[in-house]
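Visitor: make a model of this:
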Amino acid sequence: MAKRERVVRMSVEQPLWRALTAYRVLTMVYAVLIFVFGRDRYEQPWVAVVFLAVMCVWTLATLPKVANAVSCTRRFLVADLTVALTGILLTPLADEHARSVDGPTLPSIWTAGAVLAYAIKGGWRWAGFASSLVAVANLVERGHPSRDTVHNVLLVWVASIAIGYVVEVARASERTLARALEIEAATRERERLARDIHDSVLQVLAMVQRRGTALGGEAAELGRMAGEQEVALRTLVAGGLTRPSLVSEDESEGAVVRYVDDPDDEDDAADGPVDLRTLLAPRAGARVTLADPGAPVLLPPPAARELAAAVGAALDNVRVHAGDGARAWILVEDWPDEVIVTVRDDGPGIPEGRLAQAEGEGRMGVALSIRGRLRDLGGTAELISVPGQGTEVELKVPRERGTHGGR
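Guide: The predicted model follows:
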């Protein structure tokens with residue numbers, strides 16, 4: 001089964017929906033308590049009892065509706081706001097003196113929950129529409145625009161529009177972040193493919209070109225064709241070789257989930273740590289000396305494979321650029337917090353500015369096959385070269401907890 005990298009990003013709106021759910025329940029209880037402690041002033045308390053009973057049943061029955069943006073439909077918003085407006089307009093029937101003393105309406109501050117739902121669902125325009133209807137209902141209920149009424153109306157209007165605007169800004173930021181994650185995933189995949197191509201196809205084409213030129217005759221023509229294909233392939237790799245990533249979104253709970261295909265056919269998460277020494281041992285030979293600790297150097301399988309591949313890329317550079325007589329040494333250091341692998345050769349070294357020139361020509365061996373791999377692992381790759389004194393490549397990979405097999 002192919003491994004997939006799973007990135008789960010919780011929607012920025014989800015905490016707002018949770019807060020709204022709690023707000024509706026608390027303000028429902030608050031409205032009921034206002035009636036209980038002030039029931040003596042109601043001329044027709046049965047009106048208040050009936051409305052508050054309906055409001056409580058509605059609030060509790062529709063809690064799942066305000067769990068996220070998907071379940072909070074337009075039909076629910078209209079019905080919810082209708083309940084709030086009805087409660088405001090019924091207040092004079094239950095309490096005839098409410099107009100003169102600026103007493104609380106039957107739903108009290110529960111009404112703001114209906115307006116906030118509009119703000120979270122549709123932004124500041126929806127919030128302005130809902131708060132305007134609430135303002136009209138309050139003015140009709142009072143019969144005259146008193147100072148307290150105007151104050152409460154403006155407070156709800158400004159607060160709901162502000163929250164709606166913040167939600168719209170958060171959504172725009174979330175979309176930008178999602179796009180950035182997709183671009184990053186595509187870029188990492190392009191670099192991975194470029195490394196694989198450099199370590200296999202490009203190396204073979206370069207070898208065919210060199211051997212064909214050395215042999216001459218028909219082999220020279222094959223070498224020339226291989227050289228042309230090498231240049232074309234390097235241009236393709238440097239110019240943007242990509243493979244579409246599998247991206248899926250699930251917004252049923254306000255979360256965005258993305259999966260990016262991984263080329264490994266094994267589920268690395270189920271594998272145990274790998275001894276890096278077993279992967280580096282085949283690299284040793286007559287001209288390559290391997291020095292490693294006496295104890296296993298344990299790393300997660302992906303990190304061990306990528307680090308071994310980076311070492312192989314460094315040795316390939318030694319063979320290609322240092323000459324047939326060059327020798328190389330691999331030193332493995334196992335520390336509690338990191339693993340360091342150093343590849344050193346006694347070749348002629350790299351002239352100053354040659355790496356930058358190679359990258360400009362599309363030769364990405366050091367940039368992708370070495371530094372790119374270490375960057376993906378959260379590590380670093382440092383290259384030190386002095387003309388005439390060889391080259392040293394130091395590869396550092398941070399260690400995960402529980403994988404230290406040495407001291």
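Visitor: neighbours around A178, how many?
Guide: 16 (other C-beta atoms under 10 Å). Heads up, the C-betas are built off the backbone N, CA and C, glycines and all.
Visitor: helix or strand: which one has it?
Guide: Using DSSP states H and E, A178 falls within helix 147-197.
Visitor: that helix packs against which elements?
Guide: The contact analysis (3 or more C-beta pairs under 8 Å, 6 or more residues apart in numbering; DSSP states H and E) places helix 147-197 against strand 4-10, helix 110-122, helix 124-142, helix 218-240, strand 255-261, helix 373-376.
Visitor: 10 Å instead?
Guide: strand 4-10, helix 14-37, helix 110-122, helix 124-142, helix 218-240, strand 255-261, helix 301-321, helix 373-376 (3 or more C-beta pairs under 10 Å, 6 or more residues apart in numbering; DSSP states H and E).
Visitor: if you compare those, which one is most tucked away?
Guide: With neighbours defined as mean count of other C-beta atoms under 10 Å, the helices and strands packed on helix 147-197 peak in mean count at helix 110-122, which reaches a mean of 25.
Visitor: relative to helix 14-37, how tilted is it?
Guide: Note on geometry: by axes from the mean of the first three to the mean of the last three C-alpha atoms, to 10 degrees, helix 110-122 and helix 14-37 are set 170 degrees apart in direction.
Visitor: circling back to that earlier point, just tell me which of the helices and strands packed on helix 147-197 ends up closest to I161.
Guide: I161 lies closest to helix 124-142 among the helices and strands packed on helix 147-197, at 4.7 Å (C-beta to C-beta).
Visitor: could the helices and strands packed on helix 147-197 go into TSV alongside mean pLDDT?
Guide: Putting the helices and strands packed on helix 147-197 into TSV (pLDDT from 0 to 100) gives the following:
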stretch	mean pLDDT
strand 4-10	40
helix 14-37	91
helix 110-122	91
helix 124-142	88
helix 218-240	64
strand 255-261	40
helix 301-321	86
helix 373-376	84
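Visitor: so for T73, which of these sits nearest?
Guide: Closest approach to T73 among the helices and strands packed on helix 147-197 is made by helix 110-122 (8.8 Å; C-beta to C-beta).
Visitor: check which helices and strands that closest one sits against.
Guide: Using 3+ C-beta pairs under 10 Å, 6+ apart: helix 110-122 touches helix 14-37, helix 45-61, helix 74-94, helix 124-142, helix 147-197.
Visitor: let's see that helix as PDB, backbone CA atoms only.
Guide: Only the C-alpha atoms of helix 110-122 are listed here, as PDB (Å, rounded to 0.1, in the frame of the first residue of the first chain):
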ATOM      1  CA  TRP A 110     -30.600  35.300  22.800                       C
ATOM      2  CA  THR A 111     -31.500  37.300  19.700                       C
ATOM      3  CA  ALA A 112     -27.800  38.200  19.200                       C
ATOM      4  CA  GLY A 113     -27.100  34.500  18.600                       C
ATOM      5  CA  ALA A 114     -29.300  34.500  15.500                       C
ATOM      6  CA  VAL A 115     -27.500  37.500  14.100                       C
ATOM      7  CA  LEU A 116     -24.100  36.100  14.900                       C
ATOM      8  CA  ALA A 117     -25.000  32.900  13.000                       C
ATOM      9  CA  TYR A 118     -25.600  35.100   9.900                       C
ATOM     10  CA  ALA A 119     -22.300  36.800  10.400                       C
ATOM     11  CA  ILE A 120     -20.300  33.500  10.700                       C
ATOM     12  CA  LYS A 121     -22.100  31.900   7.800                       C
ATOM     13  CA  GLY A 122     -22.300  34.700   5.300                       C
END
